[in-house]
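Visitor: Need the 3D shape of this:
(one chain, ligands or ions: 1)
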Amino acid sequence: MEHRAAVQYRYLLMLLSMCLRTVQPQQEVLLPETIRLEGDIILGGLFPVHARGETDSGSACGELRKDKGIQRLEAMLYAIDRVNNDPELLPNVTLGAVILDTCSWDTYAVKQSLTFLEALIETPRDVRCPSGDRPIFTKQDKIVGVIGAAASSESITVANLLRVFEIPQISYASTAPELSDDGRYEFFSRVVPSDAFQARAMLDIAVALGWKNVSTLASEGSYGESGVEAFLQLSRESGVVHVAQSQQIPREPTPGEFDRLVSRLLETPSARAVIVFANVDDIRRVLEAAKRSHLTDHFLWLGSDSWGAKMSPVLNQEDVAHGAITILPKRASISAFDRYFISRSSQNNRRNVWFTEFWEKNFDCKFDIVGYSKRKGIDSLRKCTGLEKTGRDSSYEQEGKVQFVIDAVYAMAHALHNMQQDLCGGLPHLCSRMDPVDGKTLLSYIRAVNFSGSASTPVKFSKNGDAPGRYEIFQYQSSDTSKGEYKVVGRYADKLYLDVSKIV
Ligand code: GLU
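Guide: Numbers count the residues shown, from 1 in each chain. A predicted model of the protein is given here:
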């Protein structure tokens with residue numbers, strides 16, 4: 001019975017996916033950009049390459065995200081290259097990829113993810129072209145597993161779809177506690193810990209810093225809401241930290257929303273410390289509003305991993321962000337990735353369909369200066385030479401979750417390798433027992449991996465697919481004379497270690 005329901009559900013989703021792709025003949029079809037790498041086994045990838053489009057812009061996608069988007073997706077390409085060049089890991093098997101942009105919102109992410117199911121959609125028998133001919137369906141790549149998504153709300157909606165088709169998913173950034181529910185998200189795993197640990201770490205930091213009264217601030221959605229919920233519960237149990245007020249930032253903020261929010265935070269003057277579980281755009285706008293109200297020294301921010309060590313929320317408002325304590329799952333900067341990323345150019349990186357856009361944004365120049373100036377009515381613009389260099393002609397810092405993207409790809413590769421060894425009787429290539437790759441079997445191999453990851457720390461999953469709770473604690477420090485910087489001030493693994501002497 002349950003099986004029949006699942007089959008019917010799959011069929012409905014397939015119809016839905018076909019409908020979403022159906023267009024009238026005179027309609028212009030603007031297919032979203034996609035990175036496609038050929039291979040024997042294809043992995044899907046989901047990255048927030050663009051921010052969500054503003055409601056009144058009429059466009060689903062907003063501005064390009066250089067760090068969370070481009071760096072992370074390049075980390076997936078980098079990891080795939082490394083696996084493909086490794087004679088010990090998946091020998092004679094080439095990993096390929098289909099990488100999509102979620103534009104930082106859940107509904108768009110799930111619509112995009114239907115691309116991963118294309119190969120599973122059976123050719124309908126009764127479809128005819130207007131000419132009366134049978135349409136030609138090109139063979140699509142079957143996606144065996146998906147790397148992503150970033151935001152928990154995106155991972156949750158996508159996980160609901162992928163589980164129906166038994167496609168395993170490994171996220172490099174989604175931390176909401178509900179994703180640990182193996183009954184609901186059984187095909188989901190992650191190389192980052194659940195926020196159940198992060199909330200504990202935040203409470204311990206508040207206690208260590210002697211904060212008796214705090215406010216909380218969450219972005220609407222799974223990540224913010226459940227993160228704050230976990231913090232509220234722990235603070236009630238502790239009886240030491242009292243939450244004076246909890247504010248939520250709506251998904252579609254109205255004009256003046258952030259200024260009103262900051263004035264509400266001022267209504268509880270004893271709670272200057274603010275626990276922030278918000279997405280990066282909201283953090284930026286909260287800080288902007290605090291700056292507008294000249295509250296440079298008022299709030300003591302304690303930000304979760306979505307703030308982490310990111311430059312984008314603090315850029316040009318270093319003074320309001322100064323002193324913020326932030327958290328990030330324990331990671332290391334991968335220097336081989338830095339070398340790879342810095343050596344990418346608009347010439348040698350044509351596989352990344354968003355790279356020209358990145359280049360223009362990163363170096364503040366345009367390749368087609370004439371066309372652009374005409375369209376925008378601008379006359380003073382710099383033309384890109386193509387010889388610009390990341391890190392020399394632009395600032396560069398490795399994004400905080402690059403390591404986890406690499407580890408997620410390697411977890412998939414190790415699982416496929418072990419599966420191939422067991423099922424293909426020692427043959428050095430794929431065999432019929434892996435054509436197609438069975439999702440449930442692959443999931444069991446994913447959950448069993450145990451290898452030394454890109455930062456030489458072990459990568460393994462708990463029984464419901466989570467990584468252990470290890471964090472690093474930073475303080476953002478800036479001054480009039482020095483460029484702002486996130487300095488390590490402590491760590492958390494079962495227990496908090498905070499070096500108060502490093503906190504300014
Ligand atoms: N941990 C955040 C979430 O689960 C994502 C943070 C990030 O992408 O850096 O939504």
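
Visitor: Give me every residue in this structure lying close to the ligand.
Guide: 68, 150-152, 173-176, 223, 305-306, 401 (C-beta under 6 Å from any ligand atom). C-beta here means a position set from N, CA and C on the backbone, and glycine is covered the same way.

Visitor: Out of these, which is nearest to Leu328?
Guide: Within those, the smallest distance to Leu328 is 5.3 Å, found for Asp305 (C-beta to C-beta).

Visitor: Now do the same for stretch 260-275: mean pLDDT, whole number.
Guide: Rounded to a whole number, the mean pLDDT of stretch 260-275 is 97.

Visitor: Span of that stretch from start to end?
Guide: 18 Å (C-alpha to C-alpha, to the nearest Å).

Visitor: From the structure, what's the count of residues near the closest residue to Arg433 other than its chain neighbours?
Guide: Distances taken as C-beta to C-beta, 6 or more residues apart in numbering place Leu423 nearest to Arg433, at 4.2 Å, with adjacent residues excluded. Residues lying near Leu423 (other C-beta atoms under 10 Å) number 17.

Visitor: Would you check that Leu423 makes contact with Met434?
Guide: Yes: between Leu423 and Met434 there is a contact under C-beta atoms under 8 Å: 5.8 Å.

Visitor: So which residue is dead centre in the chain?
Guide: Ala150 (2.0 Å; C-alpha atoms, centre = their mean).

Visitor: who touches that residue in this structure?
Guide: Going by C-beta atoms under 8 Å, 6 or more residues apart in numbering, Ala150 touches 46-48, 68, 72, 102, 104, 171-174, 401.

Visitor: try Arg382
Guide: 363-366, 369.

Visitor: can you check Pro91 too?
Guide: Contact analysis of Pro91 by C-beta under 8 Å, 6+ apart lists Pro428.

Visitor: try 10 Å
Guide: Residues counted as contacts of Pro91 (C-beta atoms under 10 Å, 6 or more residues apart in numbering) are 417, 420, 428-429.

Visitor: just to revisit the earlier point, sec struct for the residue nearest to the centre of the chain, please.
Guide: coil (DSSP: H, G, I helix; E, B strand; the rest coil).

Visitor: Against Gly224, how distant is it?
Guide: 14 Å (C-beta to C-beta, to the nearest Å).

Visitor: just Ala79 next, same as before
Guide: In this view, Ala79 and Gly224 are 29 Å apart by C-beta to C-beta.

Visitor: got it, and Tyr372?
Guide: 37 Å.

Visitor: So for the two, which residue has more residues nearby?
Guide: Neighbour totals were compared for Tyr372 and Gly224, and Gly224 leads with 27 against 14 (other C-beta under 10 Å).

Visitor: In three-state terms, label the closest residue to that one other than its chain neighbours for me.
Guide: Once flanking residues are discounted, Gly224 sits nearest to Ala218: 3.4 Å by C-beta to C-beta, 6+ apart. Recorded secondary structure, Ala218: strand (three-state DSSP).

Visitor: quick one: low-confidence parts of the stretch 401-504 of the chain?
Guide: Along the stretch 401-504 of the chain, no part satisfies pLDDT under 70.

Visitor: Show me what the strand or helix carrying Asp81 is packed up against.
Guide: If you go by DSSP states H and E, Asp81 is part of helix 72-85. Here helix 72-85 touches strand 35-37, strand 41-47, strand 95-101, strand 143-147, helix 335-342, helix 355-363, helix 402-423, going by 3 or more C-beta pairs under 10 Å, 6 or more residues apart in numbering; DSSP states H and E.

Visitor: who wins for proximity to Leu209 among the ones you listed?
Guide: Proximity of those to Leu209 was assessed by C-beta to C-beta; the nearest stretch is helix 402-423, lying at 27.6 Å.

Visitor: Return the set of buried residues in that closest one.
Guide: 402-420, 423 (16 or more other C-beta atoms under 10 Å).

Visitor: can you tell me the residue of the stretch 351-500 of the chain closest to the ligand?
Guide: Lys401 (5.5 Å; C-beta to the nearest ligand atom).

Visitor: Check the gap between that residue and Tyr486 for me.
Guide: 14 Å.

Visitor: again, but for Tyr78
Guide: For Tyr78 relative to Tyr486 (C-beta to C-beta), the value is 23 Å.
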